[in-house]
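coords please:
(one chain, ligands or ions: 1)
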Amino acid sequence: MSLVEKAKKAAAYNAVDENFPANAKVVGIGSGSTVVYVAERIGQLANKESFVCIPTGFQSKQLIIDNGLKLGTIEQYPSLDIAFDGADEVDSQLNLIKGGGACLFQEKLVASVAKEFVVVADYRKKSPSNLGIQWTQGVPIEIVPNSYATVLKSLYALGAKNAQLRQGGSAKAGPIITDNNNFLIDADFGAIENVAQLHQQIKALVGVVETGLFVGMAKKAYFGEESGEVLVWG
Ligand code: 5RP
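Presented below is the predicted three-dimensional model:
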């Protein structure tokens, strides 16, 4: 197992061991490669029949099934005891950039109704100061498909240095389609000075469904370090 992979596993296992509520009934499972280890650890719990897991997308649904966990929907369970998820970048205020895996809308929906939201990540995701320093691929933004030209124009007006419609795997594939049948834009604003303000400005654009800026939502963040230790923020 590579160093990064070990770091992801250590963060995820620690986060579950230290935060999973003994009497949990509804648990959110996020998306990405670090959450694979969250689902694995939760799948090892002796009481796994006593709670339901809510996915944040297609991959997450598969993780729940593959680990023998009970699957539910956010429509059935609109209130969660806890949610675990990865992040593309985390600042010291626990603001996040998410959406590298294109699941940001459902991830935010699930996190927004969880009593506790715990982030798991490897050491590369920590920002020394502002968001937009470690994660240089831009802020992921989910949009209604036919709004892409107007939203791109508005993002440049808001100060984006670069904004692109996220494309599929090949030149022929066209824009990627989210689990909600929308498009994604990645907008690079450089180091973000005011995360809450930028989120609000982008969210106010007609056509924007949600931004990958998670402001003040996470309670704790667990980082697997290169040393093998786990650093906890929050
Ligand atoms: C998906 C996400 C992921 O949680 C984020 O990209 C982190 O993924 P990984 O754990 O693979 O680094 O936001 O939309």
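
what's in contact with the longest helix anywhere in the chain?
Assignment by DSSP state H gives helix 3-19 as the longest helix of the chain. For helix 3-19, contacts defined as C-beta atoms under 8 Å, 6 or more residues apart in numbering pick out 1, 33-38, 40-42, 82, 84, 116, 118-124, 220, 222-226, 228-230, 232. Where you see a C-beta, it was placed from the backbone N, CA and C, and this is true even at glycine.

just these that are near the ligand?
33-34 (C-beta under 6 Å from any ligand atom).

Among the contacts of helix 3-19, name the buried ones.
Using 16 or more other C-beta atoms under 10 Å as the burial test, these include 34-38, 40-42, 82, 84, 116, 118-123, 220, 222-225, 230 as buried.

and this structure, which of its residues are near the ligand?
Counting by C-beta under 6 Å from any ligand atom, the chain sits next to the ligand at 30-34, 85-88, 98-104, 107.

So how do I select the buried members of these in PyMOL?
The PyMOL command for the buried members of these (criterion: 16+ other C-beta under 10 Å) is given here:
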select buried, resi 30+31+32+34+85+86+87+88+98+99+100+101+102+103+104+107
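
Tell me which of the residues of the chain next to the ligand fall in strands.
Cross-referencing those against strands under DSSP state E gives residue 85.

before we move on, the earlier item: if we go by neighbour counts, what in the longest helix of the chain is buried?
7-16.

so how far is it from its chain's centroid?
Using C-alpha atoms, centre = their mean, to the nearest Å, the mean C-alpha position of helix 3-19 is found 16 Å from that of the whole chain.

Then stretch 190-199?
17 Å.

start the count at 596, not 1, going forward
Okay, using 596 as the starting number, the last item reads as stretch 785-794.

what comes up buried for that stretch?
Quick answer for stretch 785-794 (16+ other C-beta under 10 Å): 787, 790, 793-794.

For residue 669, state which of those is nearest.
Distances from residue 669 to those, taken as C-beta to C-beta, are shortest for residue 794 (21.3 Å).

ok, for the closest one, nearest residue in space, not its chain neighbours?
With C-beta to C-beta, 6 or more residues apart in numbering as the criterion, residue 794 has its nearest non-adjacent residue at 4.1 Å, and that residue is residue 808.

and that neighbour, how far is that from the ligand?
Taking C-beta to the nearest ligand atom, to the nearest Å as the measure, residue 808 falls 11 Å from the ligand.

show me the contacts for that residue.
Taking C-beta under 8 Å, 6+ apart, one finds 690-692, 726, 734, 787, 790, 793-794, 797 in contact with residue 808.

Check the secondary structure at residue 648 for me.
Three-state assignment for residue 648 (DSSP: H, G, I helix; E, B strand; the rest coil): strand.

Tell me the bridge partners for it.
Beta-bridge pairing for residue 648 (DSSP bridges): residue 622, residue 666.

number of nearby residues for it?
27 (other C-beta atoms under 10 Å).

Then residue 617?
Neighbours around residue 617, by other C-beta under 10 Å: 7.

Now it: phi and psi?
Dihedral pair for residue 617: phi -60, psi -30, per degrees, to the nearest 10.
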